[in-house]
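K.L.:
got a structure for you, letters missing:
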């Protein structure tokens, strides 16, 4: 078995957080990227491999010498084929970043995104590798969708301002992944990850306003209008899923998960801390 850990999705928020957490713990880390050239990755990355998860036949060089794999789910990815190649190359463990939208014990998943992640989870379970599945429920960084409006002083347009989530910091997700990748033995096979507090979208905006000084107002718009405004920037299938989720998200349907504290020995990071770290994304233009 090799001694490096391969992180896929290395340029994404969770991938970068995992790279940082692994490097902090002294791990030898290899980052997978689709494009050669400057990566802008965190310090401490031992090597960078070029590869594409949708073309598993070409992943052998990236997987060679790797002991554990952090796997993100991407569109058109054949997870079973990726894991089969990983096993051939001597990889012993996989940690999958899945989705909190996956439902257990149902004949059919509620939407195409949940179905994609459920298929990935099934492939991981059948891979013959040691495995851990992480299901972040809602990433705090989704609030960055509001940054353009807040910087310009415009109200954020929301279809469901009362919809609730328990936003989880991407750093917490990356850190939990790092611990599971480095553990002598994998912990719980499945961990659902949330933040420590249930907040409506309107309350999240209020926190951002308090932390950044931005005028964090909002106005309600029809769901179809919200979808139309974002469909040029976000895949339509994602928008449809988000609208369905927001319409159904009430406080009595959200549970706070203790898994971050169990793994890291500290409480999950509050949304206010995330907003403080990203204040520059929301600060009014000219400040």
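P.N.:
Perfect, I can see it now. Just so it is clear, the structure is predicted and the values come from calculations on it, not from any experiment. Numbers count the residues shown, from 1 in each chain.
K.L.:
CA atoms for contacts and neighbours, from now on please.
P.N.:
Fine.
K.L.:
can you count the residues close to residue 277?
P.N.:
Number of residues near residue 277 (other Cα atoms under 10 Å) recorded here: 12.
K.L.:
what's the pLDDT at it?
P.N.:
With respect to pLDDT, residue 277 scores 96.
K.L.:
and residue 148, what is it in contact with?
P.N.:
Neighbouring residues of residue 148 by Cα atoms under 8 Å, 6 or more residues apart in numbering: residue 282.
K.L.:
May I have the phi/psi pair for it?
P.N.:
Taking degrees, to the nearest 10, you get phi -60, psi -50 for the backbone angles of residue 148.
K.L.:
Kindly report the same for residue 42.
P.N.:
phi -60, psi 160.
K.L.:
Quick one: end-to-end distance for stretch 48-66.
P.N.:
In stretch 48-66, first residue to last residue: 12 Å (Cα to Cα, to the nearest Å).
K.L.:
Then stretch 277-284?
P.N.:
First residue to last in stretch 277-284 (Cα to Cα) measures 16 Å.
K.L.:
swap in stretch 120-130?
P.N.:
Using Cα to Cα, one end of stretch 120-130 lies 15 Å from the other.
K.L.:
Show me what counts as buried in it.
P.N.:
By 16 or more other Cα atoms under 10 Å, the buried positions in stretch 120-130 come out as 120, 121, 123, 124, 125, 127, 129, 130.
K.L.:
Show residues contacting it.
P.N.:
With contacts defined as Cα under 8 Å, 6+ apart, stretch 120-130 is touched by 73, 79-80, 83-84, 87, 91-94, 96, 98, 131, 133, 186.
K.L.:
now stretch 194-211
P.N.:
136-138, 143, 160-169, 214-218, 251, 254, 256-257, 260, 267-272, 275-276, 279, 282.
K.L.:
tell me the contacts of residue 31?
P.N.:
Contacts of residue 31 (Cα under 8 Å, 6+ apart): 6, 7, 8, 10, 19, 45, 47, 48, 49.
K.L.:
Which strand or helix spans the first one?
P.N.:
Meaning residue 6. Under the criterion of DSSP states H and E, residue 6 resides in strand 4-7.
K.L.:
Neighbouring strands - and their directions - for that strand?
P.N.:
Sheet partners assigned to strand 4-7 using DSSP bridges are listed as strand 29-33 (parallel), strand 66-72 (parallel).
K.L.:
Report the distance from that strand to the chain centre.
P.N.:
Centroid displacement of strand 4-7 relative to its chain, using Cα atoms, centre = their mean, to the nearest Å, is 17 Å.
K.L.:
Which is the succeeding secondary structure element to it?
P.N.:
helix 13-24.
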